[in-house]
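1. The amino acid sequence is not available; the structure is as follows:
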């Protein structure tokens, strides 16, 4: 497994759920090991899972992962500055999964604008690392990383079918 999201788990409390999403190569049975500390002692959970070649009934999972990955990449840019590698990955994920980011843009009709105006901050605000703007950006990106619900925008200019994203351009 690689590109796990969230990148770091942090504290987990009794009864709290956490969703860990990542990428994997190949298929078949594999053991997943989760390590941490519990009351100062090392804690290990080992489970065996079946990783299919393609899971058609779970086609929403890559979109959950991609949203979490984009949020983490945006946080990295905010904290450490832009790099070509980070920006390129954000653009690739945004285009592949239809995710609006400060580096990608899509047609949003005026009546829909109010719904999506808070979805992603403009690029110039991403540079704020302190004060009220920095706190607001960090809070929003944190919420984006924890978000699980995948909601498709009502616009017909972007349509996701399986693992493909289609764009309506010039009414074609």
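-> Perfect, thanks for sending it. Quick caveat, the model's predicted, so the values are computed rather than measured.
2. Phi first, then psi, for the closest residue to residue 2 other than its chain neighbours.
-> Using CB to CB, 6 or more residues apart in numbering and skipping the chain neighbours, the partner closest in space to residue 2 is residue 23 (5.5 Å). C-betas here are computed from N, CA, C, even on glycine. Main-chain torsions, residue 23, degrees, to the nearest 10: phi -110, psi 150.
3. before we move on, what about residue 31?
-> phi -90, psi 130.
4. Contact partners for it?
-> 46, 47, 48, 49 (CB atoms under 8 Å, 6 or more residues apart in numbering).
5. let's see it at 7 Å
-> Residue 31 sits next to 46, 48 when contact means CB atoms under 7 Å, 6 or more residues apart in numbering.
6. Show me the beta-bridge partners of it.
-> Here residue 31 shows beta-bridge partners residue 48, assigned using DSSP bridges.
7. Pretty sure the residue nearest to residue 2 sits against residue 3.
-> Yes. Contact criterion CB atoms under 7 Å: residue 23 and residue 3 qualify, at 4.9 Å.
8. Can you name the residues that contact the residue nearest to residue 2?
-> Taking CB under 7 Å, 6+ apart, one finds 1, 2, 3 in contact with residue 23.
9. now residue 89
-> residue 73.
10. just use 54 as the starting number from now, easier for me
-> Got it, first residue is 54 now, which makes that one residue 142.
11. Please, which helix or strand holds it?
-> Using DSSP states H and E, residue 142 sits within helix 137-150.
12. do residue 75 as well
-> Going by DSSP H and E, residue 75 is part of strand 74-76.
13. One more: residue 130?
-> Counting by DSSP H and E, residue 130 is part of helix 114-133.
14. just checking, what packs against that helix?
-> strand 55-58, strand 74-76, helix 137-150, helix 176-179, helix 184-199 (3 or more CB pairs under 7 Å, 6 or more residues apart in numbering; DSSP states H and E).
15. Please identify the pairing partners of the second one and their relative orientation?
-> Looking at strand 74-76 with DSSP bridges, its paired strands and their directions are strand 55-58 (antiparallel).
16. Pull the residues that contact the partner strand.
-> 73, 74, 75, 76, 118, 121, 122, 125.
17. Which of those are buried? Put it as a PyMOL command.
-> Buried subset of the contacts of strand 55-58, written as a PyMOL selection, criterion 16 or more other CB atoms under 10 Å:
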select buried, resi 74+118+121+122+125
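18. Kindly reformat the contacts of strand 55-58 as TSV containing distance to residue 148 and pLDDT.
-> What follows is the contacts of strand 55-58, written out as TSV (distance: CB to CB, whole Å; pLDDT from 0 to 100):
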residue	distance to residue 148	pLDDT
73	25	86
74	19	87
75	21	89
76	17	89
118	16	92
121	17	91
122	14	94
125	18	93
